[in-house]
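Student: Here's my sequence, what's the structure:
(3 chains)
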Amino acid sequence: MERGYLHSRFPALFFFLALLLTSPAISTKSVRRIQPCKSLVLFLHDINYNGKNAANATSATVTAAPWANRTILTPMTLFGDIVVFDDPVTLDNNLHSPPVGRAQGLYLYDSKTIFTAWFAFSLVLNSTDYKGTINLVGADPLMNLTRDISVVGGTGDFFMTRGIATLMTDATEGVVYFRLRLDIKLYECY
Amino acid sequence: MERGYLHSRFPALFFFLALLLTSPAISTKSVRRIQPCKSLVLFLHDINYNGKNAANATSATVTAAPWANRTILTPMTLFGDIVVFDDPVTLDNNLHSPPVGRAQGLYLYDSKTIFTAWFAFSLVLNSTDYKGTINLVGADPLMNLTRDISVVGGTGDFFMTRGIATLMTDATEGVVYFRLRLDIKLYECY
Amino acid sequence: MERGYLHSRFPALFFFLALLLTSPAISTKSVRRIQPCKSLVLFLHDINYNGKNAANATSATVTAAPWANRTILTPMTLFGDIVVFDDPVTLDNNLHSPPVGRAQGLYLYDSKTIFTAWFAFSLVLNSTDYKGTINLVGADPLMNLTRDISVVGGTGDFFMTRGIATLMTDATEGVVYFRLRLDIKLYECY
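Tutor: Sure thing, here's the model as predicted:
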């Protein structure tokens, strides 16, 4: 009987053991990568101050590389320019759609030879769907079709979140206006 | 007897199974949200350089929007100003208390219409209680009573930590001095 | 017999219980701290623009504290200088080795009394071994032998990663060149 008992117990034990050993790995890492816990698509509209558009401007270049306006060394790539912005964020690609929030922070141009930028900013969302902030940091090699930056944290509805935002240039008008499409996929939600 | 054995075993199995299935979720996500693994309250003192207080100043505005000092467009909101700071951090609201560390990094003002800021900085703590750094990023709509920013990482005693810092303006004296209260709640500790 | 059954069952139960209670902690936190899931050693080369080295410069000081060049208050610590950079990154300490990527972002000097900096940047790697970005933020008290900053996120091969980068000044040549050794240890990998 004791052997019968052992015999009947061990399959259950192994079943448990298997569950036990695999469940922690499954629960967080693998699943999160495959399937975001939250996804958003947002459009960011940036109107850079050019000396004449103060009423409409949403961003301003506040520094310049020592050579930027003085030589022809890097006339095209804007190396060293830091731009502070407070850009409206909409759910579609229309600048005049009611904004669901603002994108606030800085970007900078950081190459002498190609056109590339770097972003650190917050999405401050205040809509019926979402109230809270998403904080992002990352390189934006803007000549590429898509670029990934990091969601490094969030507050409110995005408490402690992490993920990836894929940037796509949706439109540009000279050096004054650009529109970014942000495909945000969050893989850690609380 | 075998039935008696099964009868007595299954409650224990179900108890295990329940523990097993709920524990990964409980262990990290839910519990962390409800109960921080570490909490700190700190006060940050910022004395902005005004041209006369070099000896006491702890921060300096190092850029300005192209229009900032030239027009009356945004005289109040300081849009485009980036401030570099090295502010003493204390455990109470007294500027003259022995500092437990420094807050180092930058903040910037980023609205044409309201008074709002954005922070990216490190708390560099060196006290008997804590040695290590906490890195923070986030929007600071400073006219609000409380504002949440993200703790995105840490080192030393705060190795790999994440969490939320709630900012409250504890005092201001004109444009030269402000004191922030930081309620830091860490939800990921190692 | 029932007592014999209980007697033989409980050791197994305790074994399970012990596994159960310790496994969530082991699975993520403790193990990750002890053993990085990925490690890299990289060298970052920064050639600061001095007005004469435009062809070779990889960084430029784009702001200055109000007093920086006007008084002798902080002639040595560069308080308030923000530097935008696009530095080559190599696998060894030779500036002329083929770069495996770029370090792009900003650093700033933030003390009136000592020589200390603060970094926020991305490692944009594009080699046979690694394609992706690593995003970093943290204080760099550069007079210390080693300094830890936070890896707050990543993309591509470094999808969602977190960790610590230990900075060491590997060489300096006046104020124009410095080389940083980055020992990067990632404790969260996907």
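Student: okay, now the residue of chain A found nearest chain C: neighbour count?
Tutor: Nearest residue of chain A to chain C (C-beta to the nearest C-beta) works out as A:Ser150 at 2.7 Å. C-beta: built from backbone N, CA, C; applies to glycine. The local packing of A:Ser150 (other C-beta atoms under 10 Å in any protein chain shown) involves 30 other residues.
Student: How about it: what's its closest non-neighbour residue?
Tutor: Nearest non-adjacent residue to A:Ser150, counting by C-beta to C-beta, 6 or more residues apart in numbering or on different chains: C:Gly153, 2.7 Å away.
Student: any idea which helix or strand carries the one you found?
Tutor: In the assignment (DSSP states H and E), C:Gly153 maps to strand C:147-156.
Student: same question, A:Phe43
Tutor: Using DSSP H and E, A:Phe43 falls within strand A:38-47.
Student: Name the residues of that strand that come out as buried.
Tutor: Neighbour counts over strand A:38-47 (16 or more other C-beta atoms under 10 Å in any protein chain shown) mark A:Lys38, A:Leu40, A:Leu42, A:Phe43, A:Leu44, A:His45, A:Asp46, A:Ile47 as buried.
Student: In TSV: the residues you listed, plus distance to chain B and pLDDT.
Tutor: What follows is the buried residues of strand A:38-47, written out as TSV (distance: C-beta to the nearest C-beta, whole Å; pLDDT from 0 to 100):
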residue	distance to chain B	pLDDT
A:Lys38	14	97
A:Leu40	17	97
A:Leu42	15	98
A:Phe43	19	98
A:Leu44	14	98
A:His45	15	98
A:Asp46	12	98
A:Ile47	11	95
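Student: Next, the contact list for the residue in chain A that chain B sits nearest to, please.
Tutor: Residue of chain A nearest chain B, by C-beta to the nearest C-beta: A:Gly153 (2.7 Å). The contact partners of A:Gly153, by C-beta atoms under 8 Å, 6 or more residues apart in numbering or on different chains, come to A:Ile134, A:Asn135, A:Met160, A:Thr161, A:Arg162, B:Val137, B:Gly138, B:Ser150, B:Val151, B:Val152, B:Arg162.
Student: ditto for A:Pro141
Tutor: Listed by C-beta under 8 Å, 6+ apart, the contact set of A:Pro141 reads A:Ile114, A:Thr116, A:Ala117, A:Arg147, C:Val124.
Student: Neighbour-wise, give me the winner out of those.
Tutor: Highest neighbour count within those, by other C-beta under 10 Å: C:Val124, with 26 neighbours.
Student: where exactly do the strands run in chain A?
Tutor: Counting by DSSP state E, chain A has strands at residues A:38-47, A:59-61, A:82-90, A:101-109, A:117-126, A:131-140, A:147-156, A:162-173, A:177-188.
Student: where among these is the average confidence lowest?
Tutor: Mean pLDDT values for these show the minimum at strand A:59-61, a mean of 89.
Student: Would you mind naming the residues that bridge with the closest residue to A:Arg147 other than its chain neighbours?
Tutor: Of all residues not flanking A:Arg147 in the chain, A:Leu167 sits nearest, at 4.6 Å (C-beta to C-beta, 6+ apart). Using DSSP bridges, the bridge partners assigned to A:Leu167 are A:Arg147, A:Leu182.
Student: And for A:Trp118?
Tutor: Applying DSSP bridges to A:Trp118 gives these bridge partners: A:Leu108, A:Ala139.
Student: so A:Asn53 touches A:Ile47, yeah?
Tutor: Yes: counting by C-beta atoms under 8 Å, A:Asn53 touches A:Ile47, with 6.6 Å between them.
Student: Return every residue with contacts to both of the two.
Tutor: A:Val176.
Student: which non-adjacent residue is nearest A:Leu42?
Tutor: Nearest non-adjacent residue to A:Leu42, counting by C-beta to C-beta, 6+ apart: A:Leu182, 4.7 Å away.
Student: Any idea how many residues pack against that neighbour?
Tutor: The tally of other residues near A:Leu182 (other C-beta under 10 Å) stands at 20.
Student: Could you pull up the contacting residues of it?
Tutor: Residues in contact with A:Leu182 (C-beta under 8 Å, 6+ apart) are A:Leu40, A:Val41, A:Leu42, A:Phe43, A:Leu44, A:Leu123, A:Ala165, A:Thr166, A:Leu167.
Student: what residue is smack in the middle of chain A?
Tutor: Centrality entry for chain A: nearest residue to the mean C-alpha point is A:Ala165, 3.4 Å, by C-alpha atoms, centre = their mean.
Student: Give me the neighbour count for the nearest residue to A:Val41 once chain neighbours are set aside.
Tutor: Closest residue in space to A:Val41, ignoring its immediate chain neighbours: A:Asp183 at 5.6 Å, by C-beta to C-beta, 6+ apart. Using other C-beta under 10 Å, A:Asp183 has 15 other residues around it.
Student: Am I right that A:Asp183 is in contact with A:Met168?
Tutor: Yes: counting by C-beta under 8 Å, A:Met168 is a contact partner of A:Asp183 at 7.4 Å.
Student: Look up which residues are beta-bridged to the closest residue to A:Phe85 other than its chain neighbours.
Tutor: Leaving aside its sequence neighbours, A:Phe85 sits nearest to A:Ser59 (C-beta to C-beta, 6+ apart; 3.6 Å). As for beta bridges, A:Ser59 partners with A:Asn48, A:Phe85 under DSSP bridges.
Student: returning to what we had before: quick one: closest of the strands of chain A to C:Arg102.
Tutor: Distance to C:Arg102, taken as C-beta to C-beta, is lowest for strand A:131-140 among the strands of chain A, at 8.4 Å.
Student: same for the closest one, what does it pack against?
Tutor: In this structure, strand A:131-140 packs against strand A:117-126, strand A:147-156, strand A:162-173, strand B:131-140, strand B:147-156, strand C:117-126, strand C:131-140, strand C:147-156, with contacts taken as 3 or more C-beta pairs under 8 Å, 6 or more residues apart in numbering or on different chains; DSSP states H and E.
Student: how about CSV for those strands, with distance to C:Ala103 added?
Tutor: Supplementary listing: the helices and strands packed on strand A:131-140 in CSV, determined by distance: least, C-beta to C-beta, whole Å:
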stretch, distance to C:Ala103
strand A:117-126, 10
strand A:147-156, 15
strand A:162-173, 20
strand B:131-140, 17
strand B:147-156, 17
strand C:117-126, 5
strand C:131-140, 9
strand C:147-156, 12
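Student: Those: which one's closest to C:Tyr190?
Tutor: strand C:147-156 (9.2 Å).
Student: Run a quick check on A:Arg181 versus A:Leu167, I expect a contact.
Tutor: Yes: counting by C-beta under 8 Å, A:Arg181 touches A:Leu167, with 7.3 Å between them.
Student: Looking at the two, which one has more neighbours?
Tutor: Neighbours of A:Arg181 and A:Leu167, each counted by other C-beta under 10 Å, are more numerous for A:Leu167; the result is 24 against 17.
Student: Next, the contact list for that one, please.
Tutor: Taking C-beta under 8 Å, 6+ apart, we find A:Leu167 in contact with A:Asp140, A:Leu142, A:Thr146, A:Arg147, A:Asp148, A:Ile149, A:Leu180, A:Arg181, A:Leu182.
Student: Quick one: residues contacting the fifth one.
Tutor: Contacts here follow C-beta under 8 Å, 6+ apart; on that basis A:Asp148 touches A:Gly138, A:Ile164, A:Ala165, A:Thr166, A:Leu167, C:Thr133, C:Thr155, C:Gly156.
Student: Would you check that the second one makes contact with A:Arg147?
Tutor: Pointing back at A:Ile164 there. No: under the criterion of C-beta under 8 Å, A:Ile164 is not in contact with A:Arg147, lying 10.5 Å apart.
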